[in-house]
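A.B. asks: Show me how the following folds:
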Amino acid sequence: MYATFYELFQKLFGIDIPALSLIKVFGFFFALAFLVAAYFLASEFKRLEKAGFIPSWTEKTIIGGGVKWSEVLINAFVGFVLGYKILFALLNWSDFIRNSEAYIANTNGNMLGGLLGALLYGAYVYYNQKKAALPQPKVIEAQVYPHTRVFDLVILAAVFGILGAKFFSFFEYWDVFLQDPIGHLLSFSGLNFYGGLIVAAIALAVYAKRKNIPLLRFMDSTAPALIIAYGVGRLGCHFSGDGDWGIVNSAPKPSFLPNWLWALHYPNNVAREGVPIPGCEGPYCFVLDPPVYPTSVYEFFMALAIFGILWSLRKKLTPIPGILFAIYMVLNGIERFCIETIRVNDRYDVLGFQLSQAQSIAILLVTLGIILGIFVYQRSKKNPLGTV
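C.D. replies: Numbering: from 1, shown residues only. Have a look, this model is predicted:
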């Protein structure tokens with residue numbers, strides 16, 4: 001397993017480039033997941049816009065309004081944080097590339113770098129706004145289509161998704177959180193997918209409501225993007241070894257399956273779990289013994305299969321707005337419930353059944369998906385044009 005691209009390139013290609021330690025494997029796949037989601041979301045928006053199911057909206061922009069001091073101050077603050085951290089990192093480069101996460105998360109920095117960053121960035125924004133100022137500001141109206149704001153949506157989903165994933169993970173890993181609250185808060189490990197999904201969904205629904213985007217159409221557009229992003233994200237969990245693996249698998253391996261698809265030891269995992277690796281140096285010198293089910297790999301393939309189903313059905317189900325998202329909810333819930341049976345997670349007593357938090361939410365997701373599917377199907381009979 002690889003914490004950063006430095007370990008990946010070193011072990012796979014024998015290339016020693018210390019600067020690659022700045023690129024975290026999990027973070028790379030996390031970002032890639034959002035980029036893939038953005039591509040498919042934009043594609044669906046364009047299709048539904050062209051068919052007339054998702055309208056544009058009018059936005060007014062003030063040109064030449066002069067200096068906005070709130071924007072100058074906000075950008076100066078951003079410049080301060082960047083300068084404070086970047087100059088400190090450059091002056092301590094060898095230590096920084098070995099443990100960049102610790103440097104970013106702590107309060108250490110260079111005050112001179114922060115002040116220079118604030119001055120330069122704030123002055124840059126002030127100069128541009130002053131230069132663009134007009135004696136008489138103009139108001140320009142423009143038609144905006146949802147596909148042009150996909151990256152705004154992705155950023156919104158990322159921010160609220162991470163907050164939701166962290167909030168739910170506090171309850172799922174309460175003991176770990178109490179041991180190191182700050183470390184758990186700043187770490188990308190221990191993210192709760194359903195927590196992120198719920199909070200991000202609320203934020204996106206509010207955005208759609210404010211822009212008068214039909215909610216059911218909006219939900220359908222996000223369904224394929226959500227599941228493929230989830231699958232790509234799980235690859236990050238797998239290749240970094242962040243702890244999202246299964247229970248011990250001591251069963252004999254079927255001859256037709258490769259080792260990586262049956263049981264893995266996850267050497268050098270970033271979760272730092274298992275037994276020490278003899279002769280290994282570094283922070284991730286641990287290996288699982290005995291091996292476990294590589295559940296993240298299974299989830300990637302299941303997510304890929306669900307994506308294929310949703311993508312192939314999306315045009316056929318266009319007359320029934322909301323039905324594609326209902327199918328996504330059901331399939332996603334079934335997938336997660338099943339994988340949890342062989343995945344490491346805390347169990348709770350739910351009506352006499354020992355279920356993980358994810359399984360409880362998965363049951364709710366399937367139930368709500370079925371209810372939504374019935375509702376939108378009955379509604380489509382009253383509105384056969386599918387314009388809702």
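
A.B. asks: How is this protein partitioned into domains?
C.D. replies: 5-56+145-382, 62-141 (automatic domain parsing).

A.B. asks: Averaged pLDDT, the longest one. What do you get?
C.D. replies: The one in question is domain 5-56+145-382. In this model, domain 5-56+145-382 has a mean pLDDT of 86.

A.B. asks: Likewise for the shortest one?
C.D. replies: Confidence over domain 62-141 (mean pLDDT, whole number) is 87.

A.B. asks: I'd say R343 and I247 touch.
C.D. replies: Yes: under the criterion of C-beta atoms under 8 Å, R343 makes contact with I247 at 7.0 Å. Any C-beta I mention is one placed from the backbone N, CA and C, and that applies to glycine too.

A.B. asks: Between those two, which contacts overlap?
C.D. replies: Y293 (C-beta atoms under 8 Å, 6 or more residues apart in numbering).

A.B. asks: Pick the most buried one from the domains of the chain.
C.D. replies: domain 5-56+145-382 (a mean of 18; mean count of other C-beta atoms under 10 Å).

A.B. asks: mind checking the end-to-end distance for that one?
C.D. replies: 55 Å (C-alpha to C-alpha, to the nearest Å).

A.B. asks: Ok, stretch 264-279 next?
C.D. replies: By C-alpha to C-alpha, the extent of stretch 264-279 from end to end equals 20 Å.

A.B. asks: quick one: the helices in this structure?
C.D. replies: Ranges of helices in the chain, per DSSP state H, are 5-13, 25-50, 69-91, 93-98, 100-105, 111-131, 150-172, 174-179, 181-186, 193-210, 215-240, 295-313, 323-340, 357-382.

A.B. asks: Which elements pack onto the third one?
C.D. replies: Which is helix 69-91. helix 100-105, helix 111-131 (3 or more C-beta pairs under 8 Å, 6 or more residues apart in numbering; DSSP states H and E).

A.B. asks: What of the first one?
C.D. replies: Secondary structure elements in contact with helix 5-13, counted by 3+ C-beta pairs under 8 Å, 6+ apart, are helix 25-50.

A.B. asks: show me the contacts for L331.
C.D. replies: L331 makes contact with I227, I306, I309, L310, according to C-beta under 8 Å, 6+ apart.

A.B. asks: that older thread, with distance to K138 added, can I get the helices of the chain in TSV?
C.D. replies: Below are the helices of the chain laid out as TSV (distance: least, C-beta to C-beta, whole Å):
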stretch	distance to K138
helix 5-13	47
helix 25-50	28
helix 69-91	18
helix 93-98	47
helix 100-105	42
helix 111-131	15
helix 150-172	24
helix 174-179	52
helix 181-186	44
helix 193-210	25
helix 215-240	32
helix 295-313	43
helix 323-340	41
helix 357-382	44
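
A.B. asks: Determine which of the ones you listed approaches C285 most closely.
C.D. replies: helix 5-13 (11.7 Å; C-beta to C-beta).

A.B. asks: what is the orientation angle of that closest one with helix 215-240?
C.D. replies: 60 degrees (axes from the mean of the first three to the mean of the last three C-alpha atoms, to 10 degrees).

A.B. asks: what does helix 5-13 contact?
C.D. replies: Residues outside helix 5-13 that contact it (C-beta under 8 Å, 6+ apart) are 2, 15-21, 23-25, 28, 97, 239, 268.

A.B. asks: how close does the residue of the chain positioned farthest from its centre sit to I54?
C.D. replies: What lies farthest from the middle of the chain is P135; by C-alpha atoms, centre = their mean that is 44.6 Å. As for P135, its distance to I54 is 39 Å (criterion: C-beta to C-beta, to the nearest Å).

A.B. asks: now I323
C.D. replies: Counting by C-beta to C-beta, the gap from I323 to I54 is 16 Å.

A.B. asks: can you check F325 too?
C.D. replies: On the measure of C-beta to C-beta, F325 and I54 end up 14 Å apart.

A.B. asks: Also G195?
C.D. replies: 28 Å.

A.B. asks: likewise P291?
C.D. replies: On the measure of C-beta to C-beta, P291 and I54 end up 48 Å apart.

A.B. asks: and what of N128?
C.D. replies: Distance from N128 to I54, counting by C-beta to C-beta: 34 Å.
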